[in-house]
Each structure stands twice: as C-alpha cells, then as structure tokens.
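Enquirer: Show me how the following folds:
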Amino acid sequence: MKVCIVGGVAGGATAAARLRRLSEETEIIIFERTAHISYANCGLPYYIGGDIADKEELTLQTPESFRKWFAADVRTRHEVIRINPAEKTLEVKNLADGTVYTESYDKLILSPGAKASLPPVYGLDCPNIFTLRTVEDALLLRGFLETAKPKTAVIIGGGFIGLEVAENLVRAGVETTLILRGSQVLPPLDFDMASGVHSYLRENGVTVRFRETLEGFSSADGGLLVHCKDREPLSADMVILAVGVTPDTALAKAAGLALGDKDSILVDDFLRTSDLDIYAVGDAVTVRNSVSRREALISLAGPANRQGRWAADNIMGRNRPYRGAAAVSVIKLFDMTVASAGLNERACRDSGILFDKVVLHPSSHASYYPGAQSMTMKVLFAPADGRILGAQIVGFDGVDKRIDVLAAAVQAGMTAADLEELDLAYAPPYSSAKDPVNLAGYLIENIRTGLLVQFHHDMIPKIAEMEDAVILDIRTPAEFARGHIAGSVNLSFFELRARIGELNPAKRYFLICQSGYRSYMACRILKEQGITASHLCGGYQFYSYVYCGECYSPDACLCVKGE
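Expert: Residues are numbered from 1 along each chain as shown. Below you'll find the model as predicted:
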C-alpha cells in the first residue's frame, strides 16, 4: 500500500510515524511545502523572546532524521497543487526548480493545517507587519528584533499567540499595545474569568485597548501608524497580526471534498473525508467537541497529534473512532497560568445545555507551607446530575495540575460527586488534604443537595431593587471599609451568632464575604434559625475582579471604594 501525506508538523508527521510502526511494507511519502517537516509550533513565541535561544531547538525532526527513523520518503519544498480523486493522483510542484510531476496514492492523508487570518483592512502591505504561524515567520520576527531594535509594537488580537508574543516583547524591552475588537482576551474563557487576566497584563506593562475597530495601517517616518475608528492613529515600530487562523483547505475544496464551517474539511468518526480513500487531520478539519457533541474547529496541537495517530490506525484497518476533543488549553503569561477545559458559558448556551457554575479561590498548596498562592477556579456543571461540563482556572502555581484533573473528569463524564471522592496526591508543598478539585466537588454537591443557595454577580442589580432583600456583607469592618457593594449592610461573621436576633426573618438575606467561605458558613447558621439566606458565588473578590476593571462599563459597578 502507498500512503501519501500532505503536510507535516503535528498531524502529518505523527501519522507517518504511526504508519511505519504498524507496517514495514507500506510506502510512505510526505509532501511539505516548507523546509521543516516537524517543528514546535507552540514554541515560536518563546524563540522570538529568546527563552529558546537556538532555532535548531524548534526542530523536533529534520527531514534527514525522519527518513532515518521511519524510512519515509520526505519531500520538503514540495507543494501539492492538485488532487485528482478519481485517478487517485496528486500534482506536485518542486518549489526548488518549479517542475511539476504526478504521484499516485492508495490512501491520502491531508494535514495542511491553518494559515494566519488577515483582517479586512487597508495597508497590510506596509513594511514591518508580521504574522506568526511558521518557523519562517519566527525567524523574520526574531531577525527584526535583533537588527531594527524596535521600541514599540502593536499586536492585533488577544488569543494565545497574541498574548504569548506580547509577553515576550515586553520582556525584550518593547513597549507593547494589544488591540482587541471584543471586550476580552482568550475566547475560551468567560468574560468574568478573563477580567483578572486583563488587570495582570496591565500590571506587567502591556497596554490593552478593548472594543476597537481596526481600519488599517500606513507608513510614517520609518514606522507604522495603526488606524482605529474614532481614535487618533497609534504609532508603532512593528505590528503583529494575531487575529486567529483559517483552515488552509483550498486544495481540498478544489478536489470537491465536503467542507464545513470556515471551509474546514468535514470528516467522519474515522477521520475519513467525503472521499473514503482520503483522510484529514489537524487544524484544517471539523471534529466534534467531546462534551457538547457539536461540530467544532479545535486548533490545538494535542488533538492534531492524536488525529494523525488515529488516521494511521484506521488506514491500517484498526477501525478506531475518534471521539473528539474537549478543547483543553493552558497558557503562561509572565508568572500567571491561565487554563480551560470543556465548555464555557457561551458554548453551553449555544448547545442548549443547562448548566450552573461555582467559583472558588483555593490555595495552590497547604496554606501553612511557604509560597501558597490563591487561584480562581470556575467549574460548570449540569444541575440535574452534577456532570462536569467545563472548567477555567486563573492563578499561578498548581493551575496546570488541576486543569488536567478536571479535563480528565470532563472527558470521562464524571460528576461532582466523583470529584469529591477523587484520591489525589497530597503533601504540603504540592497540595492540601482537600485538593482544589475536591473542594469544587464539595461546593457543587452542597448546591445540588440544597445545603447552600447561591446567587451570581450579575444578579445584584435586581436584588438591590427587591423590597424584602438585604445585602449583608459579613466581612470585618476593615474589609468593608476598603470596598463594598452600594447599599449593603455590614455585620461581621464573628458577631453573627451573637447578633442574629437583630435580623428580620421576614427578609431574604444575600450574604457577601471576600471569597465565599464565610458566607457559606453564615448561610448554614441562618438556615438553622429559619432565616432565608444565599451567598455570592466567588465572593466580593470575584465581583470586584469583574466589575472594577477598565473593560467593563463603569455604570455597572456598584462598588463603594474606601481610601
């Protein structure tokens, strides 16, 4: 059997390696239009910033080493320009000399990846405007930084690449501005969880501008002007376009293969296209979100690698269905870690999935051991059975560890009750006896079983208008003085039992503390006395996290700030 693979990097190279491990007899040909067969795409921003010093470290396999290891015919600088499905042939252009030849196949794997999206604006041909998708892009950017010594940069877009490049430019001493069309960075996060990231970026020297309408670019005095609607032009020495990626599927489209959203390639559960002798993997394909079961574009390295392996298995008759991806991601921003898995609120609504959520602020490890840091964890769950639908975590130490556990829970269909029972590694430098994942399970089950009633930050304006409602802040007077919700009444938790007689059983009490723990305790005390009480999910810490940032409407914030 002869298998041709179009594209290397994650999906194509993995498929080739797996094919060889399954069969020594199969003829394998890889066509890659760049000079690099397998490289660390996710490491490119760190090469720009110098954390990865040598460009050779980005190369996972050279064409020569790949041939040596896997006895594959690796043809770099060869571009497949046409697929002829009826004849099962490819037209291939040798980019070194321009010659075109025909190659036959028995099975074909498409792994063309995605290309950097370009905004529909004028001036894209101005000098010193960059994208970052390939090794060649990274070499250009690094070379510009080393030779031109730019002092200012503008990044268009706030996804993974945009933020990673922003960090690396700031660390290189470049004054960096991030321009966003929307109101938040990192679309996998809900807005409330992204709010803390916005503040942290500013603390670390990144200027962030939200809700901007980019109109175009122009050259000026050896640099660039960035033009946004109703704003003065912004001067910059360089611009990086990081507005996302688009499936690179012109080849598949010309071949008549079925396409989906954004012209991505439609595949079945076995990663076969509409032509059953042609498979497709990676950033160019539509797969299923393994939680919602809806079609999705998930441009991440992990799924691309697994798809390559699965496609090879299925070509070799192993009949292995691909169950989809849960969109698990993590990003480093200076010292902060931001991670997500599964569905966010928007994805749940779009899929018609009923959900509730909890927000908690556990410590990364035992609080009595030096260096413990708080993280903000949001977990979405199905109210009916407690099934975990998604999770988002923003923090520092230990975030990656917890998101991996929660990602496994999401994909395994585990419930909050299962999280309660998870036996996780504990020692004071690494965790607490009640791990944050366990705590999330405890909190969800308290809500589901009626031990605790909660309300969310966006409900406060309506609560403030209720005649029988009392917003009761049970933090200390000093905490209350530093900042509180307008109209709230302060009664410290530590005085609550002694002064409970002052409360009116005919009223409904909406309790607020800093993180949610004291208000939970207070709710239990009041319920035992027959008083209706609920607590603010995530506490005042989360409320101020969301509403006190520059990206939210000032009119929506009900905070009264002290000196």
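
Enquirer: Which helix or strand lies directly C-terminal to the helix or strand Ala464 falls within?
Expert: Element membership for Ala464, per DSSP states H and E: helix 460-465. Toward the C-terminus, helix 460-465 is succeeded by strand 469-473 as the next helix or strand (DSSP H and E).

Enquirer: For that following strand, which outside residues touch it?
Expert: Outside strand 469-473, the residues within contact range by CB atoms under 8 Å, 6 or more residues apart in numbering are 460, 463-464, 480, 484-485, 487-491, 504, 507-513, 522, 540. From N, CA and C alone the C-beta is placed, and that goes for glycine too.

Enquirer: pLDDT (mean, whole number) over it?
Expert: Taken as a whole, strand 469-473 has an average pLDDT of 97.

Enquirer: got the buried residues for whichever helix or strand comes after that strand?
Expert: The helix or strand immediately downstream of strand 469-473 is helix 477-482, counting by DSSP H and E. The neighbour-count check on helix 477-482 (16 or more other CB atoms under 10 Å) flags 479-480 as buried.

Enquirer: Could I get the CA-only coordinates of helix 477-482 as CSV?
Expert: Extracted C-alpha coordinates of helix 477-482, given in CSV (Å, rounded to 0.1, in the frame of the first residue of the first chain):
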residue,chain,number,x,y,z
PRO,A,477,-15.4,46.4,59.3
ALA,A,478,-11.9,47.0,58.0
GLU,A,479,-12.6,44.9,54.9
PHE,A,480,-15.9,46.5,54.4
ALA,A,481,-14.3,50.0,54.6
ARG,A,482,-11.9,49.1,51.8
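
Enquirer: Report the buried members of the contacts of strand 469-473.
Expert: Looks like those have 460, 463, 480, 484-485, 488, 490-491, 507-513, 522, 540 buried, using 16+ other CB under 10 Å.

Enquirer: what secondary structure does the residue lying farthest from the centre of the chain sit in?
Expert: Distance from the centre of the chain peaks at Gly501, with 48.7 Å (CA atoms, centre = their mean). Three-state call for Gly501 (DSSP: H, G, I helix; E, B strand; the rest coil): helix.

Enquirer: Touching, Ile52 and Gly43? I think so.
Expert: Yes: taking CB atoms under 8 Å as the definition, Ile52 is a contact partner of Gly43 at 5.6 Å.

Enquirer: re the thing from before, among the contacts of strand 469-473, which lie within helices?
Expert: 460, 463-464, 480, 522, 540 (DSSP state H).

Enquirer: Can you tell me which of these lies closest to Pro436?
Expert: Of all the ones in helices among the contacts of strand 469-473, Pro436 sits closest to Tyr540, with 20.0 Å by CB to CB.

Enquirer: check contacts around that closest one.
Expert: By CB under 8 Å, 6+ apart, the contact list for Tyr540 reads 473, 475, 483-485, 512-514.

Enquirer: ok, of those, which one's closest to Ala153?
Expert: Nearest to Ala153 among the contacts of Tyr540, counting by CB to CB, is Gly483 at 34.8 Å.

Enquirer: Run a quick neighbour tally on the nearest residue to that closest one once chain neighbours are set aside.
Expert: Distances taken as CB to CB, 6 or more residues apart in numbering put Lys561 closest to Gly483, at 4.9 Å, once the chain neighbours are dropped. Other residues near Lys561 come to 11 when the count uses other CB atoms under 10 Å.

Enquirer: and what of Val100?
Expert: 11.

Enquirer: isn't it right up against Glu79?
Expert: No: the criterion here is CB under 8 Å, and Val100 misses it with Glu79 at 9.7 Å.
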